[in-house]
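Asker: Have a look; sequence and predicted model below, questions after that.
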Amino acid sequence: QQATQNRLNYCLEYVATPVTIVNSITKEQLHFQSMSMAAEYISNYYSCIYKVSKEHVRSKMKKRRSRIFDFDIYYS
């Protein structure tokens with residue numbers, strides 16, 4: 001269990017791409033340690049409206065899209 005946590009911490013610190021998303025409507029700014037975490041937030045935000053999966057949003061982030069739905073995306 002500790003080894004798994006160590007691998008996760010290593011990935012978040014050295015491998016993952018930090019992402020900042022800004023809601024273009026409310027101007028709310030959120031920071032995430034990884035694209036996966038940001039994709040999960042966006043998919044949950046739109047789940048009742050569009051039924052968007054986390055993987056769908058993440059695939060757009062992998063292509064470094066600067067805008068996904070109502071969010072402006074900034075990659076570190």
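Answerer: On my side now, so go ahead.
Asker: Okay, now the unreliable bits of this protein?
Answerer: The chain contains no residues with pLDDT under 70.
Asker: Export whichever helix in it runs longest to PDB, keeping only CA atoms.
Answerer: When the chain is parsed with DSSP state H, its longest helix is helix 35-45. The C-alpha trace of helix 35-45 is given here as PDB (Å, rounded to 0.1, in the frame of the first residue of the first chain):
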ATOM      1  CA  MET A  35      -5.100  16.600 -16.600                       C
ATOM      2  CA  SER A  36      -7.000  13.600 -15.400                       C
ATOM      3  CA  MET A  37      -8.200  15.400 -12.300                       C
ATOM      4  CA  ALA A  38      -9.300  18.400 -14.300                       C
ATOM      5  CA  ALA A  39     -11.100  16.100 -16.800                       C
ATOM      6  CA  GLU A  40     -12.900  14.400 -14.000                       C
ATOM      7  CA  TYR A  41     -14.100  17.800 -12.700                       C
ATOM      8  CA  ILE A  42     -15.300  19.000 -16.100                       C
ATOM      9  CA  SER A  43     -17.100  15.700 -16.800                       C
ATOM     10  CA  ASN A  44     -18.800  15.800 -13.400                       C
ATOM     11  CA  TYR A  45     -19.800  19.500 -14.000                       C
END
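Asker: The closest residue to residue 64 other than its chain neighbours - how many residues pack around it?
Answerer: Counting by C-beta to C-beta, 6 or more residues apart in numbering, residue 64 lies nearest to residue 75, which is 6.1 Å off, once chain neighbours are set aside. C-beta coordinates here come from the backbone N, C-alpha and C atoms, glycine included. Neighbour count for residue 75, taken as other C-beta atoms under 10 Å: 13.
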